[in-house]
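> got a sequence here, can you model it:
(one chain, ligands or ions: 1)
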Amino acid sequence: MAVSSATDGREHREVTTPEVTGFFHKPTFSVTYLVTDPISRATALIDTVLDYDHKAGRTGTESADALAAAALTHDLKVEWILETHLHADHLTAAPYLQKKLGGRTGIGAGVVGIQETFARLFNVTDGFTPDGSQFDHLFVDGERFRIGALEGTVLHTPGHTPGCVSYHIGDAVFVGDALFMPDYGTARCDFPGGDARTLYRSIQRLLRLPDHTRVFTGHDYGPDGRSFAWESSVAAQRTQNKHIVGVGEVEFVKRREARDVELEAPNLILPALQVNMRGGHLPPPEANGVTYLKIPVNRL
Ligand SMILES: [Fe+2]
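Modelled structure (predicted):
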């Protein structure tokens, strides 16, 4: 933590080193972060996860409850519940955790275009409006926000999806799926609105952050049997990322697109998109009191 002195001799609280705790969700290989101002205990949750048993169509809160318990045990004051993007591989627990812990939900403003795309795909006719109103706040590129004495800046880092953002908070940056660990590389760019060239440019932007910046990724898959890990640095990404080192834009796009055509759809893409585009709320129940999720056939 850095506490700088103002010229008038008074201590000016400006915390630059957040406490960061990652919670790994093995079923979806996702990482949720608790990002805390060590003085005030003000906290942001980033990319929370609601358990979902796809075969049974059943949601669960075991993982979210563990996160909430950690926040309550350490007396954290949750100010923000943030998404780096509209996830296609897990359901967000933002509404559930907001009820338990408070805080405001936030996501990049680009989510609106993505909501429009998926509202059309799922032919949503239940009054859902694709206008971002399902979130408390929509962040634009360069926007600043506070978590207690920590200052955060939002970087629009599209490519994996058009609405992806990274949250640069003190000496840490939460990149979602813009970068994975250096030995795993980068994320797919073949979802609607995704684009490999755009991702390459977003990554270059992230690599211009100071070398020592801690980089926290949204997923890890433990390649070649190594333990799951989610923290690297800008220097490590610049010098070791297997998809980036020595690879120019044209080559990156060629390799990324070749890789993406081989990839299967994520297990939870259909439920995840329908729930996440609603800010994590399930669709309203039908007349019989049951909530349904749709499967568009031959459309993905
Ligand atoms: Fe993602």
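> contacting residues for Thr153?
142-145, 167-169 (CB atoms under 8 Å, 6 or more residues apart in numbering). (Glycine included, C-beta is placed from N, CA and C.)
> tell me the one among these nearest to Glu19.
Of all these, Ile169 has the smallest distance to Glu19: 10.9 Å, by CB to CB.
> kindly report the residues of this structure close to the ion.
The chain comes close to the ion at residues 87, 177, as judged by CB under 5 Å from the ion.
> go again using 6 Å as the cut-off
Residues of the chain that fall close to the ion, judged by CB under 6 Å from the ion: 85, 87-89, 160, 177.
> looking at those, which is nearest the ion?
Distance to the ion across the residues of the chain next to the ion (CB to the ion) is lowest for Asp177, with 4.0 Å.
> got phi/psi on the residue lying closest to that closest one once chain neighbours are set aside?
Spatial nearest neighbour of Asp177, excluding adjacent residues (CB to CB, 6 or more residues apart in numbering): Ala187 at 3.7 Å. The phi/psi pair for Ala187 (degrees, to the nearest 10) reads phi -90, psi 160.
> for Ala196, same thing?
phi -70, psi -40.
> same check on Leu209?
Dihedral angles for Leu209 - degrees, to the nearest 10 - are phi -70, psi 160.
> Gly57 is in contact with Leu293, isn't it?
Yes. Look at Gly57 against Leu293 with CB atoms under 8 Å: they come within range, at 7.2 Å.
> hey, what's in contact with both of these two?
Contacts common to Gly57 and Leu293, judged by CB under 8 Å, 6+ apart, are Pro271.
> between these two, which one's more packed in?
Leu293 (16 against 11; other CB atoms under 10 Å).
> before we move on, the earlier item: which ones among the contacts of Thr153 map onto strands?
144-145, 167-169 (DSSP state E).
> please indicate which of those are buried?
145, 167-169 (16 or more other CB atoms under 10 Å).
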